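Enquirer: Got a predicted structure here, sequence first:
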Protein chains: 2
Amino acid sequence: MSSVRRSAPVAELVQQARDGQPRAVARLISLVEDRSPALREVSAALREHVGGAHIVGITGSPGVGKSTSTSALVSALRAAGRRVGVLAVDPTSPFSGGALLGDRVRMQDHALDDGVYIRSMASRGHLGGLSATAPQALRVLDAAGCDVVLVETVGVGQSEVDVAGLADTTIVLLAPGMGDGIQAAKAGILEIGDVFVVNKADRDGAQSTRRELRSVIGMTDRADGSWKPPILLTTATTGDGVDEVVEAISDHRRHLEQSGELTRRRLARIRREIEALALTEVSARFAHVSADVRLDALADQVLAGTSDPFAAADVLLETL
Amino acid sequence: MSSVRRSAPVAELVQQARDGQPRAVARLISLVEDRSPALREVSAALREHVGGAHIVGITGSPGVGKSTSTSALVSALRAAGRRVGVLAVDPTSPFSGGALLGDRVRMQDHALDDGVYIRSMASRGHLGGLSATAPQALRVLDAAGCDVVLVETVGVGQSEVDVAGLADTTIVLLAPGMGDGIQAAKAGILEIGDVFVVNKADRDGAQSTRRELRSVIGMTDRADGSWKPPILLTTATTGDGVDEVVEAISDHRRHLEQSGELTRRRLARIRREIEALALTEVSARFAHVSADVRLDALADQVLAGTSDPFAAADVLLETL
């Protein structure tokens, strides 16, 4: 780390990233991803440079074509002259590092385009969930001048909902035959979608999935009642319908700005992030209390029936 | 609450629950679920009575037949003379309260059996996730003398992994054609399964799903390397193969006890629970700090670019 600090101080890296140097962007993301000592310094150096990017979350169950759709969106956004960032959050899995490459091959279409930053990130710490460092990586891509940052997660439950917590606009992907109303309602994804896309529209059942979705969404209590989420059809492999998705993203952005919802969402996001960072620090402090009130000792007492979780939590809190 | 306290103090309710009175069990679960003032008292009163139940988590994607399988397992366990608890964790959804009833209809087969406690619980607080109060409800069912408690969640990503965190033994359900290796690996469910069940085995592809699963599991790094998870075939609608699942659960229980893994898992679970309770309390304290360092004010500063999340978290921590 110290050699990095000597060769390129954080402020300089941030300037280089803002000048469009991909290596500086990659370096900054590595610094936040590795939770390096420079993490706080990076966070502070980005302060004045964030807020310009429109963060778009892309979510949906496995098999709906998330990676292909993300790649098609990148093409359409680039054709419209936008600078694009992609943050693909991968699961921690025995296959990390290469075997999920199938997903990324399509992304390589964009590997040589210097208007696109693509970054994969392992979702450490919580299986299937979003990486704790994703918000920091988004701040880097934002500060680097991306107009739009696409956040794609592996389609695994909680991450489907988490992605909405990171995004200004959330796109929920479905595929024909997978949009069954009750299952979708169970997943909690109807409430979080700002734009719904039925991908693989060249297959049977796309129209009926759209109809079903429309009636279920009509029954859904949405936080932002003034926005009526469109339901679009795409075939991401051919690009059919993808321009309409880009248009819907722009429409939603306009709605967010005019309604004040953009500020509300961003403030809520920042509040959650601050609190999560503070609680992570508290958790670290709990790990360093004296031996007799350590979590291990408290858990032993609960297992032995001489304490219970609430009483044990009280003991832990007294150490603060 | 006060009328309850007068008519049946917590200690009395606990005694009634241990005597097999379903109403007392239901009342205790309501007390912990409502986070009533009596919650801590209930937790303390259960101390010496927990640890006897074998907690079995049942997880899998939507559509694999979780509810039917749970019901079939209840029948098989009852036939073997075991007292059974079922905790079904439902999502917070616009349909809560009734429209997901389809899932529960099958459970009504067991509604008149006084050796079965069935409890549904909304997963409040986190969409699609397990209720924060699920561990407390499990303690009640445990103390009430259940030999086995089945925990079933809606099959939504993070909850698939969370259920493993609550259970001694985790059953992962799949269905033919849904067991595709890479998708399963993405979901992170291969690592958490102690027993794998390919349900709907009367459909095409069950054997090939089993084969594929076996080869992928063989490549998986498992926390408990000394247990080789069986992969069983069932048709839950007819009950075919369900006895073998009950047997596999018993085998795994024996393995857990003999290897010391049962104690390790339970201590890890208790540690997480204590820490989560303590952090929830810290979070509540953050909500009551003075106005100028409140989360709202800190978030405003980050949005305005005069602070950043790490610096804001430090301010919040100073209030402790």
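Expert: All right, it came through fine. Numbers count the residues shown, from 1 in each chain, chains lettered A, B, ... in the order given.
Enquirer: Report pLDDT for residue A:242.
Expert: Looking at residue A:242, its pLDDT stands at 97.
Enquirer: repeat for the one 10 residues further on
Expert: On the pLDDT scale, residue A:252 is placed at 98.
Enquirer: Tell me how far it lies from residue A:227.
Expert: Using CB to CB, to the nearest Å, one gets 7 Å for the distance from residue A:252 to residue A:227. No exception for glycine: its C-beta is placed from N, CA and C like everyone else's.
Enquirer: Now list whatever residues contact both of these two.
Expert: Here residue A:252 and residue A:227 share the contacting residues residue A:194, scored by CB atoms under 8 Å, 6 or more residues apart in numbering or on different chains.
Enquirer: Looking at the two, which has the bigger crowd around it?
Expert: Applying other CB atoms under 10 Å in any protein chain shown to residue A:252 and residue A:227 shows that residue A:252 carries more neighbours, namely 24 against 17.
Enquirer: Give the helix, strand or coil label for that one.
Expert: Of the three states, residue A:252 takes helix according to DSSP: H, G, I helix; E, B strand; the rest coil.
Enquirer: any idea how far it lies from chain B?
Expert: Residue A:252 sits 20 Å away from chain B, taking CB to the nearest CB, to the nearest Å as the criterion.
Enquirer: mind checking how far that residue is from residue B:257?
Expert: Remark: distance between residue A:252 and residue B:257 (CB to CB) = 55 Å.
Enquirer: cool, residue A:58 as well?
Expert: 45 Å.
Enquirer: Have a look at those two and say which one is more surrounded.
Expert: Neighbour count, other CB under 10 Å: between residue A:58 and residue B:257, residue A:58 has more, with 26 against 12.
Enquirer: Surely the more buried one forms part of a helix?
Expert: No. Counting by three-state DSSP, residue A:58 falls outside a helix, being strand.
Enquirer: and residue A:25, how many neighbours does it have?
Expert: If you count neighbours by other CB under 10 Å, residue A:25 ends up with 25.
Enquirer: hang on, isn't it packed against residue A:118?
Expert: No. At 10.4 Å, residue A:25 does not count as touching residue A:118 under the criterion of CB atoms under 8 Å.
Enquirer: okay, now the domains of chain A?
Expert: A:1-49, A:51-261, A:272-317 (automatic domain parsing).
Enquirer: ranking those by burial, who's on top?
Expert: Burial of the domains of chain A is given as mean neighbour count (mean count of other CB atoms under 10 Å in any protein chain shown); domain A:51-261 ranks first at a mean of 20.
Enquirer: just how off-centre is that one within its chain?
Expert: Computed by CA atoms, centre = their mean, to the nearest Å, the chain-centroid distance of domain A:51-261 equals 9 Å.
Enquirer: Over to stretch A:11-31?
Expert: In terms of CA atoms, centre = their mean, the centre of stretch A:11-31 is set 20 Å apart from its chain centre.
Enquirer: distance of residue A:210 from residue A:59?
Expert: Counting by CB to CB - residue A:210 and residue A:59 are separated by 18 Å.
Enquirer: Likewise for residue A:87?
Expert: According to CB to CB, residue A:87 and residue A:59 sit 13 Å apart.
Enquirer: and for those two, which residues touch both?
Expert: Shared contacts of residue A:87 and residue A:59 (CB under 8 Å, 6+ apart): residue A:152.
Enquirer: which stretches of the stretch 51-200 of chain A form helices?
Expert: With DSSP state H, counting those that start in this stretch as the criterion, the stretch 51-200 of chain A has helices at A:66-79, A:101-105, A:134-143, A:158-166, A:181-187, A:189-192.
Enquirer: By mean pLDDT, show me the worst of the ones you listed.
Expert: Across the helices of the stretch 51-200 of chain A, helix A:101-105 gives the lowest mean pLDDT, at a mean of 42.
Enquirer: follow-up on the earlier one: okay if I get the domains of chain A as CSV plus distance to residue B:219?
Expert: Output for these, formatted as CSV (distance: least, CB to CB, whole Å):
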stretch, distance to residue B:219
domain A:1-49, 26
domain A:51-261, 6
domain A:272-317, 32
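Enquirer: Please identify which of the ones you listed is closest to residue B:15.
Expert: For residue B:15, the closest of these is domain A:272-317, at 16.3 Å, according to CB to CB.
Enquirer: average pLDDT across that closest one?
Expert: The average pLDDT within domain A:272-317 is 88.
Enquirer: any bit of that domain sitting next to chain B?
Expert: Yes. For domain A:272-317, a contact with chain B is found by CB under 8 Å from any CB of the partner chain, at A:273-275, A:277-279, A:281-283, A:286, A:295-296, A:298-300, A:302-303, A:305-313, A:316-317.
Enquirer: Show residues contacting stretch A:298-307.
Expert: Outside stretch A:298-307, the residues that reach it (CB under 8 Å, 6+ apart) are A:308-309, A:312, A:315-316, B:47-51, B:263, B:266-268, B:270-271, B:274.
Enquirer: just checking, residue A:28 touches residue A:140?
Expert: Yes. Contact criterion CB under 8 Å: residue A:28 and residue A:140 qualify, at 4.6 Å.
Enquirer: between the two, what contacts are shared?
Expert: A:17, A:42.
Enquirer: so residue A:52 makes contact with residue A:145?
Expert: Yes. Using CB under 8 Å, residue A:52 is in contact with residue A:145, at 7.2 Å.
Enquirer: For residue A:291, give its distance to residue A:297.
Expert: Residue A:291 sits at a distance of 7 Å from residue A:297 (criterion: CB to CB).
Enquirer: Mind checking what helix or strand follows the longest helix belonging to chain A in sequence?
Expert: Counting by DSSP state H, the longest helix found in chain A is helix A:261-286. Next along the chain after helix A:261-286, taking DSSP states H and E as the criterion, comes helix A:295-304.
Enquirer: what angle do that next one and helix B:261-286 make?
Expert: Calculated by axes from the mean of the first three to the mean of the last three CA atoms, to 10 degrees, helix A:295-304 forms an angle of 110 degrees with helix B:261-286.
Enquirer: and stretch A:200-212, how far apart are its ends?
Expert: 16 Å (CA to CA, to the nearest Å).
Enquirer: does chain B sit close to it?
Expert: No. Using CB under 8 Å from any CB, stretch A:200-212 never reaches chain B; the gap is at least 14.3 Å.
Enquirer: Over to stretch A:41-52?
Expert: Yes. Counting by CB under 8 Å from any CB, chain B has neighbours in stretch A:41-52: A:43-44, A:46-51.
Enquirer: got the contact list for that stretch?
Expert: By CB under 8 Å, 6+ apart, the residues outside stretch A:41-52 that reach it are A:10-11, A:13-14, A:18, A:28, A:31-32, A:136, A:139-140, A:142-143, A:145, A:147, A:266, B:302-303, B:305-311.
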